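Asker: Whatever this is, show me its structure:
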Amino acid sequence: MNPIVIIPTYNECENIKRMLETVMSLEETFDVLVVDDNSPDGTAELVKETQAIYPRIHLLENGKKNGLGGAYIAGFRWCLSRDYAYVFEMDCDFSHNPIDLVRLYAELQKGDCDLVVGSRYIGNVVNVVNWPMSRVLLSYFASAYVRFFTRMMLADATAGFVGYSRKLLETIDLERIKFKGYAFQIEMKYTAYKLGFAIREIPIIFTDRTEGVSKMSGGIIREALIGVIQLRFKSIRPQK
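Answerer: Residues are numbered from 1 along each chain as shown. The predicted structure is shown next:
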């Protein structure tokens with residue numbers, strides 16, 4: 001079965017159709033699951049229009065705004081109820097280049113890791129375009145903060161361009177993944193790390209969105225700062 005990429009959306013009408021068409025045109029064949037959190041701007045309707053052309057596109061309408069973590073957990077469950085062996089996460093705003101999906105997939109197919117991360121900071125190089133320096137520093141030092149508290153040696157712990165093996169997603173107890181904002185990305189990586197799964201980082205170039213509105217907020221940042229400390233005291237067990 002084809003690998004599948006989950007794309008969470010909330011008010012992404014400027015980007016969604018072009019993103020779907022780009023993924024459909026890749027040299028590697030990917031299915032797509034759009035998880036839409038009841039976007040009032042018509043994002044879901046645009047997905048349905050594109051579905052009529054590409055049957056590999058699927059839509060899961062969440063019915064309400066559940067946050068990034070809620071959207072991905074719903075997407076993981078949808079994928080695990082089917083026969084997908086590899087599941088990817090990617091933003092809709094082209095900050096993640098869809099072409100890099102092919103590289104992430106190739107890394108997982110080697111069979112020596114179960115989680116691959118598209119890293120903005122690997123090798124002490126900052127591969128970020130169009131971000132103000134304040135946000136680059138915030139993101140860079142956020143990963144350093146995560147390393148300090150968790151001892152998880154990832155250059156880009158907050159990255160949202162990620163691929164998982166089915167084995168890893170079936171082992172993680174998704175009911176115990178609690179964070180809804182960008183701390184969700186840290187929690188998933190930390191859970192994989194504590195369960196003993198191999199994690200690999202490969203370099204990508206991250207480009208800030210040119211269309212639509214960023215979902216970053218002060219509350220999301222606070223959740224991540226406090227959540228990292230909470231993770232150190234979290235009991236992590238595999239799914240029974």
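
Asker: gap between the two ends of stretch 16-30?
Answerer: 16 Å (Cα to Cα, to the nearest Å).

Asker: In that stretch, which residues are buried?
Answerer: By neighbour count with 16 or more other Cβ atoms under 10 Å, stretch 16-30 contains the buried residues 16, 19-20, 23-24, 30. Quick note: C-beta positions are derived from backbone N, CA and C, even for glycine.

Asker: how about the nearest residue to residue 228, chain neighbours excluded?
Answerer: residue 149 (5.0 Å; Cβ to Cβ, 6 or more residues apart in numbering).

Asker: The one you found contacts residue 230, doesn't it?
Answerer: No: with contacts counted by Cβ atoms under 8 Å, residue 149 stays clear of residue 230, the gap being 9.7 Å.

Asker: Moving C-terminal from the helix ranked longest in the chain, which element do we reach first?
Answerer: Longest helix of the chain, by residue count under DSSP state H: helix 133-150. As assigned by DSSP states H and E, the chain's next helix or strand after helix 133-150 is strand 162-165.

Asker: which outside residues touch the very next helix or strand once past that following strand?
Answerer: Downstream of strand 162-165, the next assigned helix or strand under DSSP H and E is helix 166-171. Helix 166-171 is touched from outside by 76, 79-80, 84-87, 114-115, 192, 195, 197, 238-239, with contacts defined as Cβ atoms under 8 Å, 6 or more residues apart in numbering.

Asker: So which of those sits lowest on pLDDT?
Answerer: Confidence by pLDDT is poorest for residue 239 among these, given 82.

Asker: you'd agree it is up against residue 177?
Answerer: No: Residue 239 is not in contact with residue 177 according to Cβ under 8 Å; the separation is 10.9 Å.

Asker: Neighbour count: the two, which is higher?
Answerer: With neighbours defined as other Cβ atoms under 10 Å, residue 239 and residue 177 compare such that residue 177 has more, 17 against 12.

Asker: Tell me how far that one lies from residue 74.
Answerer: To residue 74, residue 177 is 12 Å away according to Cβ to Cβ, to the nearest Å.
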